[in-house]
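Asks: return a 3D structure for these sequence lines:
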Amino acid sequence: MVKTSSEVKTMPREVQLQHIRNIGIIAHIDAGKTTVTEDVLHHSGRTHRIGRVDDGTTEMDWMDQERERGITITSAATSCDWQGHRINIIDTPGHVDFTAEVERSLRVLDGGVVVFDGVAGVESQSEMVWRQADRYRAPRICFVNKMDRTGASLTFTVDMMRKRLHTNPALVQLPIWDNQSFAGIIDLVKQEAWAFSDAANSELRKISIPEEYMESANQYRHELIETVAEYDDEVMLAYVNDSDIDVDTLKRGLRRATVANKVVPVLCGSGLKDMGVQMMLDAVVDYLPSPLDMPPMQGINPKTNSEEFCYPDDDASFTVLAFKTVTDPFVGRLVYFRVYSGMIKSGEQVYNATKEKKERMGRLYRVHADERKEISEVHSGSIAAAVGLKSTSTGDTICSLDKSIILEAIKFPEPVISVAIEPKARLDQDRIVEALTKLAEEDPTFRVDYNRETGQTLISGMGELQLEVIVTRLLREFKVNARVSKPQVAYKEAITAKAKAEGRFIRQSGGRGQYGHVWMELEPLERGKGFEFDNQIQGGLIPKDFVPAVEAGVKEALGQGLIAEYPVVDVKAALFDGSYHEVDSSEAAFKMAGAIATRECGRKAHPVLLEPIMKVEVTTPQELLSDVIGDLNSRRGHIDNVEPREGTSIIQCRLPLAETFGYATDLRSITQGRASFFMEFDHYAPVPKEVAQAITSKYGQR
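Replies: Sure thing, here's the model as predicted:
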């Protein structure tokens, strides 16, 4: 049950900007990031016990489905205090189906803690989240987790980081081993050592650096200094002058190099046994940036189309970015946002610059997972949530009434898999529409479409698990019973050549007629470019008022497909000629003419079907390698690389999504459950001719 408390008094700023850290915990699935977050909350005094994923007692995985499945499904926000600093944390999912949660979280955060499995090292989803963080230029520190497990290796993981992530890791800690058991940590910056007892959740105990580790500790500290000196003038000056580099100088240099994205500090520990998490918190404070360390957020003034900048200052005009919306049964529609400049109080009127609408900021909340504390105001650099913003959705910019600005929106991947859904009872018909609308509003990678040809409602997403979770939420949260078909591939269509065609729409049946006449040219664009419309009409051949109707007709025709009713993508449409009638021409007539010309162009432009291609990584015992590769080849797979690794092999390949349904079950059968795989969307590619014929023949029969 949601807990809410009120705080009506206006308070002065609790924490200064330089003492704020906005961070995300990101990782591959099962790397242990939620467990690490639970340790963080416990040590910072935010919680009084450490929840565990296996027991379903974690604070951050609060949804019933998260606790049942043992995975994070939705990003959860919280905050805690450590050494006089406020750390705002977003714990993100690790499963690729929920990558949108990582995307929108990184968009509004200043830095991240990337958690790696000390045994598995850098895994496929690790690479994916790393690339997402690179895209937003987010400074990071790394926490190599599960060092208590047999086979864990810090240096192995660091080597993989260099090879697979192409980054510059800087070891700031070394593990201490006692009879192959993880027993302590050497801090290379402070030249100190700390020991853990065998008991879980034990306190750190400061010790002298063991004699047998002195040589390697000195060597790695020297390498750390060299790495930092390469990017920091203060450390470089001390290094070339052979001066003794003290702890504060090294810390300052390492912080500057980390904030500049030149170096990534690497720490180690065990979330499950609560080892090293306090030192990781110290590193968050010492090395990750405050809002003042980050470049000002850049936006566009919609009135002048000029660049504007948002500076983290309470006295500046108010500007925030909405990055998440949820439907809450207790408070209604809740919008999460990051404040980039200025401050706002509850009840104030604000302006949604993206939607060009005035809104009223309702109640404001500081969030801890599914708990909320009502606050009276939000300051710059903070992350909070609000109710009352009826028109605001993910990616919208909210600003002061006197200064309009639009920040860069959040980009999300296109859904690649669809299922048909229908209510089991007629009474559920209206409720399912309302529920699906709310769920689509929450998750930008979830789409709802209506197929007029079949009369079916189609829901689309990033994978089978995401759609399975959606259907379960329909039943549990919205009390709607629904039937779901088997997953279907979200094919697309494209043209491969230029083509010109005429579109005429003429109707005369007494009284005023309908007249629309256009000439269109379609040409293919690069993959991912989307749709472009070029109005080349000159001399008033077609009045300007009718051009938007032509564009609407083109879009409608492309959306209905050219060969199998799948949307046509990556097309440039040019309107270059036509004519009109002073009396009979209308927007509806020109819309129809645009659609007719587009369909005719499409038939001449050699349309093809496109299918989503997945990047797949399979980890299998070496003795079963040939069987697994043979199965992948039978599924139209393209093997990119096979990497041997201590008794196992890592197969990297590209596989059409249509061939992946049921792969988990088949892989378990082939390898007796000893292999595992990871899959993510990679790109769209033309469907082979024989496969395309089978798909289009089904369409023709329908």
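Asks: avg pLDDT for stretch 324-342?
Replies: For stretch 324-342, mean pLDDT is 86.
Asks: now it: buried residues?
Replies: Within stretch 324-342, the residues scored as buried using 16 or more other C-beta atoms under 10 Å are 324-327, 331, 333-342. Where you see a C-beta, it was placed from the backbone N, CA and C, and this is true even at glycine.
Asks: how about stretch 159-171?
Replies: M160, M161, R164, L165, T167, P169, A170, L171.
Asks: what is the nearest of the buried residues of stretch 324-342 to I639?
Replies: Of all the buried residues of stretch 324-342, I639 sits closest to K324, with 38.5 Å by C-beta to C-beta.
Asks: is the closest one in contact with V335, as I believe?
Replies: Yes. Here K324 reaches V335: they are 7.4 Å apart, a contact under C-beta atoms under 8 Å.
Asks: and the residue nearest the centre of the chain, how far is that from S404?
Replies: For the chain, E103 is the residue whose C-alpha lies nearest the centre (C-alpha atoms, centre = their mean; 2.2 Å). Distance, E103 to S404, using C-beta to C-beta, to the nearest Å: 26 Å.
Asks: pLDDT score for V266?
Replies: So V266 comes in at 97 (pLDDT).
Asks: for it, which three-state class applies?
Replies: On the three-state scheme (DSSP: H, G, I helix; E, B strand; the rest coil), V266 is labelled strand.
Asks: what's around it, how many residues?
Replies: 24 (other C-beta atoms under 10 Å).
Asks: likewise for H19?
Replies: Neighbours of H19 under the rule other C-beta under 10 Å: 17.
Asks: for it, what are its contacts?
Replies: Shown in contact with H19 (C-beta atoms under 8 Å, 6 or more residues apart in numbering): G84, H85, R86, S290.
Asks: what's the host helix or strand of the residue nearest to the centre of the chain in contact with?
Replies: Here E103, judged by DSSP states H and E, is contained in helix 99-108. By C-beta under 8 Å, 6+ apart, the residues outside helix 99-108 that reach it are 22, 24, 26, 74-75, 90, 92-93, 112, 128-129, 132-133, 135-136, 138, 321, 323-324, 337-338, 383, 394, 410-413, 443-445, 462, 680.
Asks: what about E414, distance to S460?
Replies: According to C-beta to C-beta, E414 stands 9 Å off from S460.
Asks: what does K486 give?
Replies: Per C-beta to C-beta, K486 is found 14 Å from S460.
Asks: ok, these two, which is more surrounded?
Replies: S460 (21 against 8).
Asks: the more buried one: what secondary structure?
Replies: Assignment for S460 (three-state DSSP): strand.
Asks: going forward, the N-terminal residue is numbered 4.
Replies: With the count now opening at 4, the last piece we talked about shows up as S463.
Asks: contacting residues around it?
Replies: S463 is in contact with P418, V419, I420, S421, F449, R450, V451, D452, A493, counting by C-beta under 8 Å, 6+ apart.
Asks: and E195, by the same measure?
Replies: E195 neighbours (C-beta under 8 Å, 6+ apart): I189, K209, I212.
Asks: what is the nearest of those to I653?
Replies: Scanning these for proximity to I653, where the rule is C-beta to C-beta, the winner is I189, at 31.1 Å.
Asks: can you count the residues close to the closest one?
Replies: Counted with other C-beta under 10 Å, I189 comes out at 24.
Asks: check D373 too.
Replies: Neighbour tally, D373, other C-beta under 10 Å: 16.
Asks: and the one 3 residues further on, by the same measure?
Replies: For K376, the number of neighbouring residues by other C-beta under 10 Å comes to 15.
Asks: now the strands for the stretch 404-553 of the chain?
Replies: Counting by DSSP state E, counting those that start in this stretch, one finds strands in the stretch 404-553 of the chain at the ranges 409-410, 420-426, 450-454, 459-464, 485-487, 491-492, 495-497, 502-510, 517-527, 534-538.
Asks: flag whichever of the contacts of S463 scores worst on pLDDT.
Replies: Among the contacts of S463, V419 has the lowest pLDDT, at 74.
Asks: sticking with the residue nearest to that residue when sequence neighbours are not counted, tell me its helix or strand.
Replies: Leaving out its chain neighbours, the residue that sits closest to V419 by C-beta to C-beta, 6 or more residues apart in numbering is P615, at 4.2 Å. Using DSSP H and E, P615 sits within strand 611-624.
Asks: pLDDT averaged over that strand - what is it?
Replies: The average pLDDT for strand 611-624 rounds to 90.
Asks: quick check, pLDDT for R24.
Replies: Looking at R24, its pLDDT stands at 95.
Asks: pLDDT weak spots in the chain?
Replies: Across the chain, the ranges flagged by pLDDT under 70 are 4-15, 56-59, 63-67, 69-71, 74, 201-206, 454-458, 512-514, 701-705.
Asks: state which helix of it is the longest.
Replies: In the chain, taking DSSP state H as the definition, the longest helix is helix 590-607.
Asks: chain center to it: distance?
Replies: Centre-to-centre, helix 590-607 and its host chain are 37 Å apart (C-alpha atoms, centre = their mean, to the nearest Å).
Asks: elements contacting it?
Replies: Identification of packing neighbours for helix 590-607 by 3 or more C-beta pairs under 8 Å, 6 or more residues apart in numbering; DSSP states H and E yields strand 502-510, strand 517-527, helix 550-562, strand 574-582.
Asks: among the buried residues of stretch 327-345, which one sits closest to D580?
Replies: T328 (45.0 Å).
Asks: so the closest one bridges to which residues?
Replies: In this entry, T328 is beta-bridged to V338, by DSSP bridges.
Asks: what's near enough to touch it?
Replies: Shown in contact with T328 (C-beta under 8 Å, 6+ apart): R336, L337, V338, Y339, T395, S396, T397, E444, E445.
Asks: what is the nearest of these to Q539?
Replies: Among the contacts of T328, S396 lies closest to Q539 (C-beta to C-beta), at 34.6 Å.
Asks: pretty sure the closest one contacts A325?
Replies: Yes. Taking C-beta under 8 Å as the definition, S396 is a contact partner of A325 at 6.9 Å.
Asks: for those two, indicate the residue with more neighbours.
Replies: A325 (26 against 17).
Asks: pull the number of nearby residues for F326.
Replies: 24.
Asks: contacts only, for it.
Replies: By C-beta under 8 Å, 6+ apart, the contact list for F326 reads R107, S108, R110, V111, Y339, F340, R341, T397, G398, I413.
Asks: from the contacts of helix 102-111, which land in helices?
Replies: If you go by DSSP H, the contacts of helix 102-111 have M131, V132, Q135, A136, R138 in helices.
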